[in-house]
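[1] Sequence first, then the predicted structure:
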2 protein chains.
Amino acid sequence: MDAQSQLIAEAERQLGPRAVITDPKEIEPWATDWRGRVHGTAAAMLAPVSTEEVATIVTLAARHRVPLVPQGGNTGMVAGATPPADGSAVLLSLRRMNRIRSISAVNRTAIAEAGVVLATLHEAAHDMGMRFPLTLGSRGSCTIGGLTSTNAGGTQVLRFGTMRSLVAGVEAVLPDGSVHSGLSGLKKDNRGYSLDQLLIGAEGTLGVITAAALRLVPAIASRAVAWAGVESPSRALELLRFLEARTNAAEGFELVPADSLQLVLEHIPATRAPLAAEHAWNVLIEATASDPAANISAELEQLLAAALQQGLIADAVIAANESQAEAFWKLRDTISEAERAEGPTLAHDISVAVADMPRFITDAAAEVERKFPGVIASAFGHLGDGNVHFHVRAGSHAAPDWYETEGEKITQLVDDLVTAAGGSISAEHGIGQLKLSEFERLAPPGRIHALRAIKHALDPLNIMNPGKLVPFE
Amino acid sequence: MDAQSQLIAEAERQLGPRAVITDPKEIEPWATDWRGRVHGTAAAMLAPVSTEEVATIVTLAARHRVPLVPQGGNTGMVAGATPPADGSAVLLSLRRMNRIRSISAVNRTAIAEAGVVLATLHEAAHDMGMRFPLTLGSRGSCTIGGLTSTNAGGTQVLRFGTMRSLVAGVEAVLPDGSVHSGLSGLKKDNRGYSLDQLLIGAEGTLGVITAAALRLVPAIASRAVAWAGVESPSRALELLRFLEARTNAAEGFELVPADSLQLVLEHIPATRAPLAAEHAWNVLIEATASDPAANISAELEQLLAAALQQGLIADAVIAANESQAEAFWKLRDTISEAERAEGPTLAHDISVAVADMPRFITDAAAEVERKFPGVIASAFGHLGDGNVHFHVRAGSHAAPDWYETEGEKITQLVDDLVTAAGGSISAEHGIGQLKLSEFERLAPPGRIHALRAIKHALDPLNIMNPGKLVPFE
């Protein structure tokens, strides 16, 4: 019996048959990344229900030197939870570890196991008048373990930060099978290097996160959503600074170019432009209040009236009700879908310093369009975080292999431009498999050296999600 | 010529004589920890002025295998910046790297070199209507590099967190001489393990922090300071929850037992009790507002009136002016001095979960006084952070060697009780030299193993502050 079969047989003996899935049909959907671009294969998917069971599995994996690929909701964007195609690894699903161990409005904390789905946590917090303020499109599937392991962002980062700001501590099984317990809820603890911080964003390459202590904030009592027309990304940033100086209620600040809005209006049914005239750039603003007495709509309206008077914006409208607010958000959320209807599109999840973003957007788009005639570059998204989705469309008459040929060269150019601007080629999505070669190409050698040294130190057998985030060799 | 002499000679040749101090009289004050308890010795103190010079020194140290002890203001509490007594290491002073490279109210960020003194940064921020909200007693001497390397806390952690929350990124020279540049100011960056977070609180054992990007907040327009009498630590915590549910203006919430207040009134000149009656416990509350229109005194007064009505507090008074506010703070800040006037005192900087602190204070004090008859245990400080100074006084007739005999046993008992309660034996001060043996005794073996693996991985020659934070062997 080979090492992998021995691991599977021992896991079944120690944890019971429910914890070991070997039916290829059941495994297949979890062996492909959610965008369907990377296909892996695994002879088994292990599904423990407790931290102790995870520790048992990791200990077995170390003994038999069989790599594990930890996985939550399988909603990652860089194939970081997809097993290799050669079948050398076993999937480790955390989805059965789905208990909220504790949740307290007084302590403003929840302790959630890795497999808790984000939407489930949202509901549990809401039921006690609280809120877990991180959210993103896949909230119905993504899990706390995956969100923590990828330091996920989303649409509310402006006010509440990424997972790193919201995780008070993690519990994890380290590659030697020992359990790191960081859930004690200590606000101050200076006993050596922070393993919690090291595990956040490590994409399962240094251990398996089994639970996280999460910060809660008071629930939203009311929200206001506005749409404003501005003449340039610089003006949009001035508007953001104007708002930030006067309120801390702004949670969402999304930039939308005229071109993207036009595509949405063309391709997405039941959409209409919020403003009468066309504007070169648009901003979607969401503000919220947790105080029931606050009139957040009136506050936002006043601020936008002042911004209009100062010439920061050309026009603006506040959503009159919840359904109009949803309609505004739909215009933002369907941009990628509208682009796909036009033809092949490359997506780049990039960041630069907030102050540099307006110039970067303009200069980089011009450079890409100059070097690759016929393509259309546009940027939209989280301007307030210095993080935009920098998309490049091939146009409708692109060759079928456009992604692999011109597409790859365009991505390299975008990554070069971002790196030259001191930015990040991965703002939110991580490195996983898909960005590993670009990361290696562009990161300072000292950084790669340090990351690899840490990986070797904590996972000398390379059993934790090998081939992701950092090259082992 | 031995290795150390070679290093010193080469450093002088490459960096010039100003960067190399060898006069023992000049070195001596920096070779002793600031409480004067640990005396080290060093043949040289290197004093670079730039990141490049630090990189040169680290490269030389690696080549000659001579350990470096990085040092800022030398105000640490655990002798973490004190060289070993055997003279095997060289001091690396960062104090000449004292430029504020940039500071911006719009970006709410300052980039300060390691040697910038905290009070200097406070002034620079204040000059532009902003504030760097971390502060502590040694602000006139402690430096940004030391504060970052020890993840310092202080009195405003309740609202703004420790250095870890306030540092947006660091620049550091790694043990191989390469420079890690984390000052780009990216709000989102998911390119692998966070070296920034690993270096924060690493006490210079993984590299030398040369600069940090720091978050600023709007300057304080007004503050209110109140003194309240409560019947127990539990009530004090209820009061804190009551305030937190109604305002986010509370920055300081310090617990003071009757016994500590009594000592201050006895030993510190020009002090008087704020309230007419004696209360078993007292709370010092500081609230601030950055909005000039806010009336923070009136707000705090109203809240305390409501707390009085609900029976949370027995009495309270708001400082009528700045000098009274300072007088209230003096009662809190001179407790240690008053205790010393009474005789030998052991100080323990400990934390447990906030909700557990009231019971811990009561139970642990009773246990210590029961096992060591005659001593007096009392706890005061940052209740809202779950962090108190748990002090044990010997009484006036203690033997001269009390610290080394009974004192050591008492500290072990306190550390045992904290560990059993899931707490930390070092909430703010770090491990350094002084807590290393207790840390090794009480930490889970898996944690020590992981920390040591990281240390070996990044500093295989053990040239970065050896003998601090984690055992190398």
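    Everything's here; your move.

[2] Tell me how far the residue nearest to A:Pro466 when sequence neighbours are not counted lies from A:Val90.
    Closest residue to A:Pro466 apart from its sequence neighbours, by CB to CB, 6 or more residues apart in numbering or on different chains: A:Pro67 at 5.0 Å. C-beta: built from backbone N, CA, C; applies to glycine. Distance from A:Pro67 to A:Val90, counting by CB to CB, to the nearest Å: 7 Å.

[3] what do you get for A:Ala112?
    25 Å.

[4] Looking at these two, which is more packed in?
    Under the criterion of other CB atoms under 10 Å in any protein chain shown, the comparison of A:Ala112 against A:Val90 puts A:Ala112 first, with 29 against 26.

[5] Help me confirm that the more buried one is found in a strand?
    Yes: per DSSP: H, G, I helix; E, B strand; the rest coil, A:Ala112 lies within a strand segment.

[6] List the contacts of it.
    A:99-101, A:121, A:144, A:211-212, A:214 (CB atoms under 8 Å, 6 or more residues apart in numbering or on different chains).

[7] try 7 Å this time
    By CB atoms under 7 Å, 6 or more residues apart in numbering or on different chains, A:Ala112 lies in contact with A:100, A:121, A:144, A:211-212, A:214.

[8] Of all pairs in those, which one is the farthest apart?
    Distance extremes for the contacts of A:Ala112: the farthest pair is A:Leu121 and A:Ala211 at 12.0 Å, using CB to CB.

[9] picking up where we left off before, Provide a list of residues in contact with the residue nearest to A:Pro466.
    Neighbours of A:Pro67 in contact, by CB under 7 Å, 6+ apart: A:88-89, A:462-463, A:466.

[10] end to end, how far does stretch A:461-473 reach?
    End-to-end distance for stretch A:461-473, by CA to CA, to the nearest Å: 12 Å.

[11] Show the average pLDDT along stretch A:457-466.
    For stretch A:457-466, mean pLDDT rounds to 98.

[12] Name the residues of that stretch that are buried.
    Neighbour counts over stretch A:457-466 (16 or more other CB atoms under 10 Å in any protein chain shown) mark A:457-459, A:461-466 as buried.

[13] before we move on, back to that, list the ones among the contacts of A:Ala112 that fall in helices.
    A:121, A:144 (DSSP state H).

[14] which stretch of helix or strand covers the residue lying closest to A:Pro460 once chain neighbours are set aside?
    The shortest distance from A:Pro460 to any non-neighbouring residue, by CB to CB, 6+ apart, is to A:Pro175 (7.7 Å). Here A:Pro175 sits in a region with no helix or strand, counting by DSSP states H and E.

[15] show me what contacts A:Pro175?
    Each residue near A:Pro175 by CB under 7 Å, 6+ apart is listed here: A:58, A:62, A:207, A:458-459, A:461, A:463-464.

[16] Now, the residues you listed that are in strands?
    Among those, none falls in strands (DSSP state E).

[17] related to what we said a few turns ago, show me which of the contacts of A:Pro67 is closest to A:Val354.
    A:Pro466 (35.6 Å).

[18] picking that back up, any idea which of the contacts of A:Pro67 is closest to B:Asp189?
    Using CB to CB, A:Pro466 comes nearest to B:Asp189 of these, at 23.4 Å.

[19] Can you classify the closest one as helix, strand or coil?
    Put simply, A:Pro466 is coil when judged by three-state DSSP.

[20] Let me see the residues that make contact with stretch A:435-453.
    Contact with stretch A:435-453 is made by A:78, A:415, A:419, A:425-426, A:431, A:470-472, B:174, B:176, B:178, B:180, B:191-193, B:195, B:457-458, as judged by CB under 7 Å, 6+ apart.

[21] Could you give me the ChimeraX syntax to select whichever of those residues are buried?
    The ChimeraX command for the buried members of the contacts of stretch A:435-453 (criterion: 16+ other CB under 10 Å) is given here:
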select /A:78,415,419,425,426,431,470 /B:174,176,178,180,191,192,193,195,457,458
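
[22] Quick one: residues contacting the residue positioned nearest the centre of chain A.
    Closest to where the C-alpha atoms of chain A average out (CA atoms, centre = their mean) is A:Ala152, at 3.8 Å. With contacts defined as CB under 7 Å, 6+ apart, A:Ala152 is in contact with A:134, A:136, A:162-163, A:428.

[23] just those residues now: which is nearest B:Thr148?
    The closest of the contacts of A:Ala152, once distances to B:Thr148 are taken by CB to CB, is A:Thr162, at 20.3 Å.

[24] Tell me the residues on the stretch 1-150 of chain A that lie near chain B, please.
    By CB under 7 Å from any CB of the partner chain, the residues of the stretch 1-150 of chain A that approach chain B are A:106-107, A:150.

[25] Just the buried residues of these.
    Buried among the residues of the stretch 1-150 of chain A next to chain B (16+ other CB under 10 Å): A:107, A:150.

[26] Columns distance to A:Val375 and secondary structure on top of the residues of the stretch 1-150 of chain A next to chain B, output as CSV?
    Formatted as CSV, the residues of the stretch 1-150 of chain A next to chain B follow (distance: CB to CB, whole Å; DSSP: H, G, I helix; E, B strand; the rest coil):
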residue, distance to A:Val375, secondary structure
A:Val106, 54, coil
A:Asn107, 52, coil
A:Thr150, 29, coil
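
[27] got a pLDDT number for whatever residue of the stretch 351-473 of chain A ends up closest to chain B?
    Relative to chain B, the nearest point of the stretch 351-473 of chain A is A:Gly446 (3.0 Å; CB to the nearest CB). The model reports A:Gly446 with a pLDDT of 93.

[28] Buried residues of the helix or strand hosting A:Gln197, list them for me.
    Following DSSP H and E, the helix or strand that holds A:Gln197 is helix A:195-199. Neighbour-count burial for helix A:195-199 flags A:195-199 (criterion: 16+ other CB under 10 Å).

[29] I'd like to know which of the residues you listed is nearest to chain B.
    Nearest to chain B among the buried residues of helix A:195-199: A:Gln197, at 3.6 Å, using CB to the nearest CB.
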